[in-house]
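# 3D, please:
(one chain, ligands or ions: 2)
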Amino acid sequence: MKKALVTGITGQDGSYLTELLLSKGYEVHGMIRRASTFNTDRIDHLYHDPHESGAKMFLHYGDLSDASGLRMLIEKVQPQEVYNLGAQSHVKVSYDQAEYTADVTGLGTLRLLEAIRDYQDRTELQVKFYQASSSEMFGAAPPPQGLHTPFHPRSPYAVAKVYSYWQTVNHREAYDLYACNGILFNHESPRRGETFVTRKITRAVGRIKMGLQSKLYLGNLDAKRDWGHARDYVEAMWLMLQQDVPRDYCIATGEAYSVREFAERAFAQVGLNHEDYVEIDPRYFRPAEVDYLLGDAAETRRALGWVPKTSFEELVREMVEADLELARQEKTLIAAGHQVALKGVGNT
Ligand code: NDP
Ligand code: GDR
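Ligands and ions are numbered 1, 2, ... in the order given. Below is the predicted model:
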């Protein structure tokens with residue numbers, strides 16, 4: 001049985017990847033951060049008490065800022081594959097926490113790569129490594145962006161991802177590590193964090209439709225993104241580690257839509273006009289914006305034999321339907337006298 005270690009297992013991608021790996025018969029070990037509240041909502045449906053027979057997913061405390069902890073974890077788990085999905089992943093937040101983002105999203109990757117290199121050298125057991133690289137690294141480069149597009153990062157987050165990208169390439173070239181960068185364009189789902197724009201929109205659509213919210217405040221509506229579905233994209237991650245030779249890949253749908261178009265479609269799905277509800281609040285503008293991301297993934301698709309299964313229309317529909325149901329449940333709770341708070345999203 002293959003063993004995989006996943007950092008960022010509690011995130012959107014971590015949860016879908018874990019489902020995929022378990023379905024393929026893997027034993028999955030996830031690194032989670034200690035928090036004063038539970039942060040495992042997205043993977044709770046996969047959890048079995050490790051004392052019971054048949055448990056295939058195991059969770060370990062750890063943090064990308066803690067090199068010795070990472071080393072101990074690799075030693076303990078002895079994985080054949082490591083997926084580094086952990087990161088401070090919010091672009092706007094990276095402006096408020098630039099150094100922290102560099103530490104976790106940038107240096108964290110180096111700490112993990114060094115732990116793997118050391119383990120592999122000593123044991124001669126191969127560990128394949130996946131790095132969650134991002135289309136944000138292309139930043140200001142004009143579309144379409146692909147493997148040959150020079151990076152021009154536009155945020156502390158994107159700069160940290162560029163650092164991790166090159167550390168991954170260098171570990172492959174210098175130490176013969178099986179290490180791949182998956183440069184993934186935006187991918188969303190009903191499990192997307194609520195401060196990313198697609199989920200912020202679909203959450204608001206559900207709540208507005210149910211009469212729980214009256215307005216949706218957004219920033220730059222003109223930004224364009226190449227949006228796919230996270231469930232499809234984690235398949236590409238896994239495929240990258242099943243090839244004979246390690247290399248880098250770009251994963252995208254090849255279609256881009258503006259934030260305004262996403263909002264228009266999401267509101268229209270419940271019979272509402274987005275113009276009646278969306279207001280602009282400059283606090284959501286970024287010091288430097290990434291205007292237009294459109295992926296050129298043709299070569300990667302051929303190499304991996306991968307195609308996205310979910311269209312833009314299906315993605316929006318699935319997210320709106322899920323958030324409508326969530327708002328219905330909230331309404332029922334409120335009617336029963338429970339307090340349901342719209343969680344504070346600050347300036348994100
Ligand atoms: P999420 O923000 O949903 O998840 C991030 C994960 O990283 C969470 O599990 C989080 O833990 C964990 N994490 C945060 N800080 C640390 C830390 N200091 N040490 C260890 N773990 C930490 O991101 P996604 O699932 O959307 O993305 C997965 C990865 O892919 C990220 O690296 C992201 O930057 C990258 N990426 C994402 C794209 C997208 O469109 N979704 C596109 C391209 C790249 P906790 O739950 O405790 O906060
Ligand atoms: P992004 O995603 O920055 O592309 O990073 P996000 O959804 O945060 O922003 C997309 C675009 O929407 C504009 N926007 C807003 N964004 C947010 N969050 N909130 C708003 O109110 C709002 N209004 C307009 C933004 O300015 C931006 O142009 C995501 C993350 O998952 C990264 O980790 C990942 O690497 C990239 O996608 C690819």
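# Run through the helices of the stretch 101-250 of the chain in chain order.
Listed from the start of the chain, the stretch 101-250 of the chain has helices (DSSP state H, counting those that start in this stretch) covering 108-123, 156-175, 197-209, 230-240.
# Let me know which of the ones you listed is tucked in deepest.
helix 197-209 (a mean of 24; mean count of other C-beta atoms under 10 Å). No exception for glycine: its C-beta is placed from N, CA and C like everyone else's.
# Give me the helices and strands touching it, please.
Where contact means 3 or more C-beta pairs under 8 Å, 6 or more residues apart in numbering; DSSP states H and E, helix 197-209 is packed against strand 216-218, helix 259-269, helix 312-335.
# Measure how that helix sits relative to helix 259-269, angle-wise.
Going by axes from the mean of the first three to the mean of the last three C-alpha atoms, to 10 degrees, helix 197-209 is angled at 30 degrees with respect to helix 259-269.
# wait, does helix 197-209 contact ligand 2?
Yes: applying C-beta under 6 Å from any ligand atom, one finds helix 197-209 touching ligand 2 at Val197, Lys200.
# So what's the gap between that helix and the chain middle?
19 Å (C-alpha atoms, centre = their mean, to the nearest Å).
# Give the rounded mean pLDDT of that helix.
In this model, helix 197-209 carries a mean pLDDT of 98.
# And stretch 99-108, by the same measure?
The model assigns stretch 99-108 a mean pLDDT of 98.
# Equivalent analysis for stretch 327-338, please.
Mean pLDDT, stretch 327-338: 95.
# just stretch 241-252 next, same as before
On average, stretch 241-252 scores 98.
# Quick one: end-to-end distance for that stretch.
18 Å (C-alpha to C-alpha, to the nearest Å).
# re the thing from before, give me whichever of the helices and strands packed on helix 197-209 is most buried.
Using mean count of other C-beta under 10 Å, helix 259-269 ranks as the most buried of these, with a mean of 20.
# That one and ligand 2, any residue contact?
Yes: using C-beta under 6 Å from any ligand atom, we find that helix 259-269 touches ligand 2 at Val259.
# That helix: how far from the chain's middle?
The answer for helix 259-269 is 22 Å, by C-alpha atoms, centre = their mean.
# for that helix, packing partners?
helix 197-209, strand 216-218, helix 312-335.
# Check which element follows that helix along the chain.
strand 278-280 (DSSP states H and E).
# is that next one anywhere near ligand 2?
No: with C-beta under 6 Å from any ligand atom as the criterion, ligand 2 is not reached by strand 278-280; the gap is at least 8.4 Å.
# Give me the mean pLDDT for that strand.
98.
# So in that sheet, which strands flank that strand, and in what orientation?
Note on strand 278-280: by DSSP bridges, its sheet partners are strand 216-218 (parallel).
# Is it possible to get TSV of the helices and strands packed on helix 259-269 that adds distance to Trp166?
Output for those, formatted as TSV (distance: least, C-beta to C-beta, whole Å):
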stretch	distance to Trp166
helix 197-209	28
strand 216-218	34
helix 312-335	31
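# For Ser53, which of the ones you listed is the nearest?
Ser53 lies closest, by C-beta to C-beta, to one member of these: helix 312-335, at 33.3 Å.
# I'd like to know which elements that closest one is packed against.
Using 3+ C-beta pairs under 8 Å, 6+ apart, helix 312-335 is in contact with helix 197-209, strand 228-229, helix 259-269.
# Within range of ligand 2, give me the residues from the stretch 101-250 of the chain.
Residues of the stretch 101-250 of the chain lying near ligand 2 (C-beta under 6 Å from any ligand atom): 134-136, 186, 195-197, 200, 218-220, 223, 225.
# Contacts only, for Ala223.
Neighbouring residues of Ala223 by C-beta atoms under 8 Å, 6 or more residues apart in numbering: Ser258, Val259, Glu289, Val290, Asp291, Tyr292.
# and of these, the nearest to ligand 1?
Val290 (12.0 Å; C-beta to the nearest ligand atom).
# number of nearby residues for that closest one?
Other residues within reach of Val290, judged by other C-beta atoms under 10 Å, total 23.
# you'd agree it is up against Pro143?
No: using C-beta atoms under 8 Å, Val290 makes no contact with Pro143, being 10.6 Å away.
# In a markdown table: the helices and strands packed on helix 197-209, plus distance to Arg247.
A markdown table is the format used below for the helices and strands packed on helix 197-209 (distance: least, C-beta to C-beta, whole Å):
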| stretch | distance to Arg247 |
| --- | --- |
| strand 216-218 | 38 |
| helix 259-269 | 32 |
| helix 312-335 | 28 |
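# I'm done for today, thanks for sticking with me.
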